[in-house]
Each structure stands twice: as C-alpha cells, then as structure tokens.
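Asks: Show me how the following folds:
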Amino acid sequence: MKKSGRNPPRLVVGISGASGVAYGVRLLEMLASLGVETHLVMTKAAEMTLGYETGLKPKEVEALAHTRYRLDDIGAAIASGSFRTLGMIVAPCSVRTMSEIATGVTSSLLTRAADVMLKERRRLVLMVRETPLHTGHLRTMTQLSEIGAIIAPPVPALYTQPGSIDAMVTQTAARMLDLFGLEAPETQRWGEALKQGRRAPVRKPVNKTQK
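Replies: Residues are numbered from 1 along each chain as shown. Next comes the predicted model:
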C-alpha cells in the first residue's frame, strides 16, 4: 500500500578535499532543517580536511545526510539519471574534481554523479575553492559553464557585516540553496533584512506653491 503525501525533494551533496569543508557540512545541516533528502558522497581527501579544519569525524558528517555512499560505489543510485533529484552541489569543489567533471572522464562516484546532472540537464553547482586562478583553471570553468554547470566560488558577502566565520559560511551556504529554489530562513537579503539595504519609501514631492 502506497503512502500518501509527496516525497521530500532530493539533493546530492559532494564534498571534495579542497579547503572549505565547512560549507558542505553547513549545507547538510540546513538541508536537513528544510526537510530535503540529502545524498552524500565525500572524497578521501575531504575526510582528511574535515579533521584539519573542523575537528569533525567523517561519521559525524555522514550522520547529517539521509544517505551516504562510498566513493567507489559506481553502482549507487546517484550514478544513474533515472534517480530523480533537484540536482547536485559540490562544496567545496577542488580543481581536480572540477577538471574531471569538465572532461567527462570520471574516476569516482562524486564526479560520475556530477556528470549525470549535466547529461540530465539538472542543476549542478560547483563551489570551486582555489585562488589565484591561472588560465587553465579559467578555461575549465568556461567549459563547465558552457555545458550547463554553475560556477559559484564561496565568496563572503561582507555587506551582511558577519561577526564570525560561522556567519559567513551560513550566508554563503544559504545563497547556494537559492540556486535550487530552496528558501533558508538564515538568508540575509539586501533590500529586505539589512538596514543598509532597505529602500526608503517613495514619497511624492511636495508642491510648495505660494499663494
């Protein structure tokens, strides 16, 4: 007997070994609070970076996701286009991961899942974490953009006047969710939630005609 009601939306989350794994962790936390079913795949380098940058263990991060896949599980659900999702975000995305996705020569479940998003014309967001960029990096990004990916480096929104790294990470993660049509209550928006960005009410000019 089928259960009534809609199934929750699904989003694939990839975490590669670039600096900035906190973005991936925060996204998993926010997606869970929004009721989104997350399907997580992490690289071995990402698991190492977790320890360096956050002190978290891989199992603690895995517990935030609905489903966790091994990196070498090429037969996983997310490796098939028939497994429907909203798309995928790689946060952070290393240059190596970015390059594999651009060429279509994938060597892991993470890059295979990203390739699936492109062939199925689903949203693929890559939080590329590298600076400065040489011409090869830029050409690869252009190629990815041309085949449908969104390149979204984790650039902090300083207009929110963040008081901590945590606040910067949260705002950036929230803006990434915007790209999937997901509304995070933590999002601070220019023109809405910020005093500096609020528009003053439009007032009609006063006609001071002397009698």
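
Asks: Leu110 is in contact with Val41, isn't it?
Replies: Yes: counting by C-beta atoms under 8 Å, Leu110 does reach Val41; the two are 4.8 Å apart. Using the backbone N, CA and C atoms, a C-beta is placed for each residue, glycine as well.

Asks: Mutual contacts of the two, please.
Replies: Gly14, Leu71 (C-beta atoms under 8 Å, 6 or more residues apart in numbering).

Asks: what residue is smack in the middle of this protein?
Replies: Centroid-nearest residue in the chain, with C-alpha atoms, centre = their mean: Ile89, separated by 4.2 Å.

Asks: and that one, that one's in a helix?
Replies: No: assigned with DSSP: H, G, I helix; E, B strand; the rest coil, Ile89 falls outside any helix and is strand.

Asks: Which residues are in contact with the residue nearest to it when sequence neighbours are not counted?
Replies: Nearest residue to Ile89, sequence neighbours excluded (C-beta to C-beta, 6 or more residues apart in numbering): Val125, at 4.4 Å. For Val125, the contacting residues are Gly87, Met88, Ile89, Val90, Ala91, Ala149, Ile150, Ala152, Met176, Leu179, Phe180, by C-beta under 8 Å, 6+ apart.

Asks: out of the residues you listed, which is most surrounded?
Replies: Taking other C-beta atoms under 10 Å as the neighbour criterion, Val90 ranks highest of the contacts of Val125 with 32 neighbours.

Asks: which residues does it contact?
Replies: Val13, Gly14, Ile15, Ser16, Thr97, Ile101, Leu110, Ala114, Leu124, Val125, Leu126, Met127.

Asks: ok, now Leu124?
Replies: Neighbouring residues of Leu124 by C-beta under 8 Å, 6+ apart: Gly87, Met88, Ile89, Val90, Ile101, Ala114, Met117, Leu118, Gly148, Ala149, Ile150.

Asks: Correct me if wrong: the third one contacts Val13.
Replies: Yes: with contact defined as C-beta under 8 Å, Ile89 counts as touching Val13 (5.9 Å).

Asks: that older thread, could the contacts of Val125 be laid out in CSV, adding distance to Thr187 and pLDDT?
Replies: Below are the contacts of Val125 laid out as CSV (distance: C-beta to C-beta, whole Å; pLDDT from 0 to 100):
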residue, distance to Thr187, pLDDT
Gly87, 19, 98
Met88, 21, 98
Ile89, 16, 98
Val90, 21, 98
Ala91, 16, 98
Ala149, 23, 98
Ile150, 17, 98
Ala152, 15, 98
Met176, 10, 98
Leu179, 12, 98
Phe180, 13, 98
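
Asks: Could you report the separation of the residue nearest to Ile89 from Thr140?
Replies: Counting by C-beta to C-beta, to the nearest Å, the gap from Val125 to Thr140 is 16 Å.

Asks: and what of Leu27?
Replies: 23 Å.

Asks: Return the backbone torsion pair for the nearest residue to Ala149 once chain neighbours are set aside.
Replies: Excluding the flanking residues, the one nearest Ala149 by C-beta to C-beta, 6+ apart is Leu124, at 4.6 Å. The phi/psi pair for Leu124 (degrees, to the nearest 10) reads phi -130, psi 120.

Asks: All good on my end, thank you.
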